[in-house]
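Undergrad: Predicted model and sequence follow; I will ask about them next.
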Amino acid sequence: LPSVSRFSRRLRTMRFLRLRVLLHRVLVAHGRGDALSFLDGKAMAVGECTTDPDARDGVVTTGRFRKGYKLHARATKAGIIEEYRVTALNEGEAKIARKLVRGVPAGGVVLADANYDAWKLYAAIERKRAWFLAPPKGDAKAESTLRRMPESRRQAVKLWQGHRPLAERAMSARQGIERV
């Protein structure tokens, strides 16, 4: 076996990077049959004295404002991250998620937390002929608001209002994303 220092140098080579990309593609192709996927974001703070010009202010899990980045991911029920993006910490989750749902299969189901409740994301997933469910944010009961929503979001709001225990049971499957 190589020494620790030689091994860490090998990890930084282009050859190893290509191997990691190839391995990711193989794993993603292996898990493609999964119709259930989850969206989530993970804040990654950097040190308070950073001079990193790309790090931006945003809220981390402790509720404090810090500089850093955010990992946005769409993972399958099998625990495979099919698509991801790393952005500045201040990037909105729903906006980035529209890029992450390109590989959602027709008839698939995507679950996310309330940060992803946005009509544009519902519309993007509806165009893929897939289903999306996230707890509604704000006042989604006003008739004028409901008329402007995509049909899939109107159905999701009705599910949350009329059959909340069913919607919560469906969302309990989403807890798997926290372990990916």
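TA: Yep, it's here.
Undergrad: Please point out which parts of stretch 69-85 sit buried.
TA: Neighbour-count burial for stretch 69-85, counted by 16 or more other Cβ atoms under 10 Å, picks out 69-70, 72-78, 80-83. For every residue, glycine as well, the C-beta is placed using N, CA and C.
Undergrad: er, stretch 122-142 actually
TA: Neighbour-count burial for stretch 122-142, counted by 16+ other Cβ under 10 Å, picks out 122-126, 128, 130-136, 140.
Undergrad: Report the central residue of this protein.
TA: Leu39 (2.8 Å; Cα atoms, centre = their mean).
Undergrad: Need phi/psi at it.
TA: For Leu39, the backbone dihedrals (degrees, to the nearest 10) come out as phi -110, psi 140.
Undergrad: Neighbours of the closest residue to it other than its chain neighbours, how many?
TA: Nearest in space to Leu39, with sequence neighbours left out and distances taken as Cβ to Cβ, 6 or more residues apart in numbering, is Ala112 at 4.0 Å. Using other Cβ atoms under 10 Å, Ala112 has 27 other residues around it.
Undergrad: partner strands of the longest strand anywhere in the chain, parallel or antiparallel?
TA: If you go by DSSP state E, the chain has its longest strand at strand 65-76. Here strand 65-76 is paired, per DSSP bridges, with strand 36-45 (antiparallel), strand 56-59 (antiparallel), strand 81-88 (antiparallel).
Undergrad: Can I get that strand in PDB, CA atoms only?
TA: Extracted as PDB, the C-alpha positions of strand 65-76 are listed here (Å, rounded to 0.1, in the frame of the first residue of the first chain):
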ATOM      1  CA  PHE A  65     -25.500  34.000   9.600                       C
ATOM      2  CA  ARG A  66     -22.200  32.600   8.300                       C
ATOM      3  CA  LYS A  67     -20.200  32.700   5.100                       C
ATOM      4  CA  GLY A  68     -20.100  29.500   3.100                       C
ATOM      5  CA  TYR A  69     -21.500  27.300   0.400                       C
ATOM      6  CA  LYS A  70     -24.600  25.100   0.000                       C
ATOM      7  CA  LEU A  71     -24.800  21.600  -1.400                       C
ATOM      8  CA  HIS A  72     -28.100  21.100  -3.300                       C
ATOM      9  CA  ALA A  73     -28.900  17.500  -4.100                       C
ATOM     10  CA  ARG A  74     -31.500  15.200  -5.500                       C
ATOM     11  CA  ALA A  75     -31.100  11.700  -4.100                       C
ATOM     12  CA  THR A  76     -33.000   8.500  -4.700                       C
END
